[in-house]
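Asks: I'll drop the sequence and a predicted model, then ask my questions.
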Amino acid sequence: MNLVSLRTAFSCSLLALLAGCSAPTQQTTTVSGDTPLAVRGHIHGGQQPVSGASVQLYAVGATGDYSAAAPLLATAATTDGSGNFSITNQYNCGTATEVFIVATGGKPDGIHTNPNLALMAALGPCSALTSDTVINIDELGTVAAVSALHLFMSSPTNIGSSAYDAPSLLQDFTLATQLVDTASGTSPGGNVPSGFSVPSSLINTIGDIAAACVNSPGGSAGDGSACGKLFTLATPPAGTAPADTITALLNVVNHPTLNTTDLHDLIAPDTPFQPTVPAPDSYQVQLTPPPFTITRQLLVEPDDGVGALYDLVNNAKSSIDLTVYGLRDTIFSGDLVAACQRGVIVRVVLDQKYEKTVDTAAYNQLNAQPGCSAVWANPKYTATHEKSFVVDGTTFAMLTLNIETVDYPGTRDFAVLTNDPADIAAFEATFNADYNMVLPYATTPGTDLIWSPTTAQTSLVGIINNATQSLWVENEEMSAPHIVAALEAACQRGVAVSITMTNQTEYHTNFSALEAAGCGVHVLPDSTKSLYIHAKVIIADFGAPAQYAYLGSINFSTASTVQNRELGMYTYDATILQRLQATLAADYASAPAY
């Protein structure tokens, strides 16, 4: 269910509860088809069988959120003296998708009829029901169904969706069966995702609150009965009091912080469901995800290859947002197109200042595919030299390398893959601005991002100036006066500075100045037979408690630090720092002194 649909669902159900929105008229036509089905089960109020209850099977509505469900039984089934029911050859699935079952009325004590009793279970796909299906309808199954389906539900018989958000409704039916097992009527249910937990004690508690009314002769709001007390406390502000236990629980779920203590006080001393929780602050029921751990992975190129980057694209489910200086890899661009073909939304920002000729083939290829969109970067930047992308809003790849096949075998580069949500949000905010050519735009740092043209120069100079023991450096360029001066000053105050670069004549003057200041400058031949240093890395005080590093797209040039769109990051990850330093130290050792 998308955000618009969710808001619409919430507001419409709320209006219905406030008596300002009339519920759709219930459909009375049954769903026909060719597959006769049989199901059986039992109904309990707490641990007591409910005799004489009316049992109806429904297919969810398909004309919009809260649309009327279609009853599948021409004549409702009735429970026997032990609370059992059986439905055989009385309906067909036909076009029905998800189905649910509702029990109303009946005698929870075998003597007195409770007209306010309403219990349900969310069953899922109609086609999954067989003659072996056993359904336990009780308070816990009702709590699970209402909690999972409430965004699509306005009454016991109004549960539905549009075609647009039908997949979300299906997911919510799955959630209901994860919360409570429909066969046993106990919590948790089955197929709970690995690492997630079900709030079974909270579900038991809400079930116990409802049980006080279910196992009674009934009542109405304000009459002092067990049902009357529940219905009064479950009445939304300025709303209408419920008259059945399903609607009461729906109100509790839609207003989970309303009257929490007073509702808890309704629980009888001999509670049918255990264990329970003390009066909570909220009766919201949802799966609890495993503790979130931020992960970071370093790729070293050319050692590791770019397979991990291909995998990210090929495993994308919903979206890919990419900003890159050079995109000349037919496998990668082909994978982007394939992602669009399977429904992934792909957006790409490409440099047009220096790499337009290189990027044009990918630009045309992407824009020819529905779902793919490539735009030329904002010309207000001297260049868009950033190389980063986010997949599905959950994985962030920050690269020092361009996505160009010709470079992979012979260039020293790095990439960091992370799930850090703050960094992802910061990237997406800036990407959206760049994609839409919004200026001016103040970038956000996330957890540890460094942006140009906003913070790069200050950040990189700050790393160098704050070093007290050592600096390991690799970069493609060495022309930015502020960077060169900061490195000279570090060497002069006794910091051990080890610089590895490719030997390019345009930087010889600065190489000489750095060596004169006491820095170690080692250079690899500018030859296709030698490793080319394309990486942009600074490691500060490696081995010390305060060790950290920068890596990213930002070269040591004035354009890169204050004029281009660039992105880098700080990293404090010990595992990354260990491998990063080992790589830089090996490169330094393999290169002759300038």
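Replies: Great, that's in hand. Note that this is a predicted model, so its numbers are computed, not measured.
Asks: element containing the nearest residue to Ala148 once chain neighbours are set aside?
Replies: In space, and not counting its chain neighbours, Ala148 is closest to Ala176: 3.8 Å by Cβ to Cβ, 6 or more residues apart in numbering. C-beta coordinates here come from the backbone N, C-alpha and C atoms, glycine included. If you go by DSSP states H and E, Ala176 is part of helix 166-179.
Asks: Who are the packing partners of that helix?
Replies: strand 98-104, strand 118-125, helix 139-149 (3 or more Cβ pairs under 8 Å, 6 or more residues apart in numbering; DSSP states H and E).
Asks: quick one: which of those is nearest Leu170?
Replies: strand 98-104 (6.2 Å; Cβ to Cβ).
Asks: In contact with Leu263, which residues?
Replies: Residues in contact with Leu263, defined by Cβ atoms under 8 Å, 6 or more residues apart in numbering, are 209, 230, 233-234, 252, 279, 283.
Asks: Take those and lay them out in TSV including distance to Asp573 and pLDDT.
Replies: Below are the contacts of Leu263 laid out as TSV (distance: Cβ to Cβ, whole Å; pLDDT from 0 to 100):
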residue	distance to Asp573	pLDDT
Ile209	47	98
Leu230	53	98
Leu233	51	98
Ala234	50	98
Val252	45	97
Ala279	43	96
Tyr283	40	97
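Asks: Going by neighbour count, which of those residues are buried?
Replies: Buried by 16 or more other Cβ atoms under 10 Å: 209, 230, 233-234, 252, 283, out of the contacts of Leu263.
Asks: now the residues you listed in a markdown table, with secondary structure and distance to Ser168?
Replies: Putting these into a markdown table (DSSP: H, G, I helix; E, B strand; the rest coil; distance: Cβ to Cβ, whole Å) gives the following:
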| residue | secondary structure | distance to Ser168 |
| --- | --- | --- |
| Ile209 | helix | 28 |
| Leu230 | helix | 30 |
| Leu233 | helix | 30 |
| Ala234 | coil | 26 |
| Val252 | helix | 22 |
| Tyr283 | coil | 22 |
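Asks: Nearest to Ala77 among these?
Replies: Leu230 (26.5 Å).
Asks: what residues are up against the closest one?
Replies: 209-210, 212-213, 245, 248, 263, 266.
Asks: from these, which is closest to Arg493?
Replies: Proximity of those to Arg493 (Cβ to Cβ) peaks at Leu263, which lies at 67.6 Å.
Asks: mind listing what's buried in the helix or strand hosting that closest one?
Replies: Per DSSP H and E: Leu263 is located in helix 260-264. Neighbour counts over helix 260-264 (16+ other Cβ under 10 Å) mark 260, 263-264 as buried.
Asks: What's the biggest helix in this structure, counting residues?
Replies: Taking DSSP state H as the criterion, the chain has its longest helix at helix 574-590.
Asks: Quick one: residues in contact with that one.
Replies: Defining contact as Cβ under 8 Å, 6+ apart, one finds that helix 574-590 is touched by 296, 298, 300, 303, 412, 414, 416, 472-474, 498-500, 520, 522, 524, 531, 533, 537, 539, 542, 547-549, 551, 571.
Asks: Mean pLDDT and distance to Thr75 for the helices and strands packed on helix 166-179 - can I get that in TSV?
Replies: Below are the helices and strands packed on helix 166-179 laid out as TSV (pLDDT from 0 to 100; distance: least, Cβ to Cβ, whole Å):
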stretch	mean pLDDT	distance to Thr75
strand 98-104	97	14
strand 118-125	97	19
helix 139-149	98	23
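Asks: who wins for proximity to Pro188 among these?
Replies: helix 139-149 (9.5 Å).
Asks: what's the angle between the closest one and strand 118-125?
Replies: 60 degrees (axes from the mean of the first three to the mean of the last three Cα atoms, to 10 degrees).
Asks: what's the following helix or strand after helix 139-149?
Replies: By DSSP H and E, the next helix or strand past helix 139-149 is strand 153-155.
Asks: Packing partners of that next one?
Replies: Against strand 153-155 (3+ Cβ pairs under 8 Å, 6+ apart) you get helix 3-17, helix 245-254.
Asks: What pairs with it, parallel or antiparallel?
Replies: Within its sheet, strand 153-155 is paired with strand 158-159 (antiparallel), according to DSSP bridges.
Asks: Helix, strand, or coil at Ala183?
Replies: Assigned with DSSP: H, G, I helix; E, B strand; the rest coil, Ala183 falls in the coil class.
Asks: got the contact list for it?
Replies: Going by Cβ under 8 Å, 6+ apart, the list of residues near Ala183 reads 133-136.
Asks: The residue lying closest to Ser147 once chain neighbours are set aside: what's it in contact with?
Replies: Nearest residue to Ser147 in three dimensions, chain neighbours excluded: Val285, at 3.8 Å (Cβ to Cβ, 6+ apart). Shown in contact with Val285 (Cβ under 8 Å, 6+ apart): 143-144, 147, 179, 199, 202-203, 206, 253.
Asks: Closest one of these to Thr454?
Replies: Pro199 (43.8 Å).
Asks: Against Trp472, how distant is that closest one?
Replies: 49 Å (Cβ to Cβ, to the nearest Å).
Asks: Who has more neighbours out of these two?
Replies: Trp472 (25 against 20; other Cβ atoms under 10 Å).
Asks: So what sits opposite the more buried one in the bridge?
Replies: Applying DSSP bridges, one finds that Trp472 bridges with Ser498, Ile539.
Asks: Ile539 is in contact with that one, correct?
Replies: Yes - using Cβ atoms under 8 Å, Trp472 is in contact with Ile539, at 4.1 Å.
Asks: average pLDDT across stretch 52-68?
Replies: Mean per-residue pLDDT for stretch 52-68: 96.
Asks: Just the endpoints, please. Distance across that stretch?
Replies: 25 Å (Cα to Cα, to the nearest Å).
Asks: now it, how far from the centre of its chain.
Replies: How far stretch 52-68 lies from its chain's middle: 30 Å, per Cα atoms, centre = their mean, to the nearest Å.
Asks: And for stretch 170-182?
Replies: Computed by Cα atoms, centre = their mean, the chain-centroid distance of stretch 170-182 equals 19 Å.
Asks: Likewise for stretch 387-407?
Replies: 20 Å.
Asks: In it, which residues are buried?
Replies: Buried residues in stretch 387-407 (16+ other Cβ under 10 Å): 387-391, 395-404, 407.
Asks: Need phi/psi at the closest residue to Asn314 other than its chain neighbours.
Replies: Excluding its sequence neighbours, the residue lying closest to Asn314 (Cβ to Cβ, 6+ apart) is Asp335, at 5.6 Å. For Asp335, the backbone dihedrals (degrees, to the nearest 10) come out as phi -70, psi -40.
Asks: so what's Asp335 scoring on pLDDT?
Replies: For Asp335, the model assigns a pLDDT of 98.
Asks: pretty sure it contacts Asp311?
Replies: No - in this structure, Asp335 is not within contact of Asp311 by Cβ under 8 Å, at 9.4 Å.
Asks: Who has more neighbours out of those two?
Replies: Asp335 (20 against 12).
Asks: Contact partners for the more buried one?
Replies: Counted by Cβ under 8 Å, 6+ apart, Asp335 has contacts 310, 313-314.
Asks: I'd like those written out as CSV, with secondary structure, pLDDT and distance to Pro592 added.
Replies: CSV is the format used below for the contacts of Asp335 (DSSP: H, G, I helix; E, B strand; the rest coil; pLDDT from 0 to 100; distance: Cβ to Cβ, whole Å):
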residue, secondary structure, pLDDT, distance to Pro592
Tyr310, helix, 98, 36
Val313, helix, 98, 39
Asn314, helix, 98, 41
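Asks: Just send these back as TSV, with distance to Asn114 and neighbour count too.
Replies: Formatted as TSV, the contacts of Asp335 follow (distance: Cβ to Cβ, whole Å; neighbours: other Cβ atoms under 10 Å):
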residue	distance to Asn114	neighbour count
Tyr310	62	15
Val313	58	22
Asn314	57	14
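Asks: okay, now Asp573: neighbour count?
Replies: Around Asp573 there are 19 residues (other Cβ under 10 Å).
Asks: does the nearest residue to it once chain neighbours are set aside have beta-bridge partners, and which?
Replies: Distances taken as Cβ to Cβ, 6+ apart put Arg296 closest to Asp573, at 4.9 Å, once the chain neighbours are dropped. Counting by DSSP bridges, Arg296 is bridged to Thr418.
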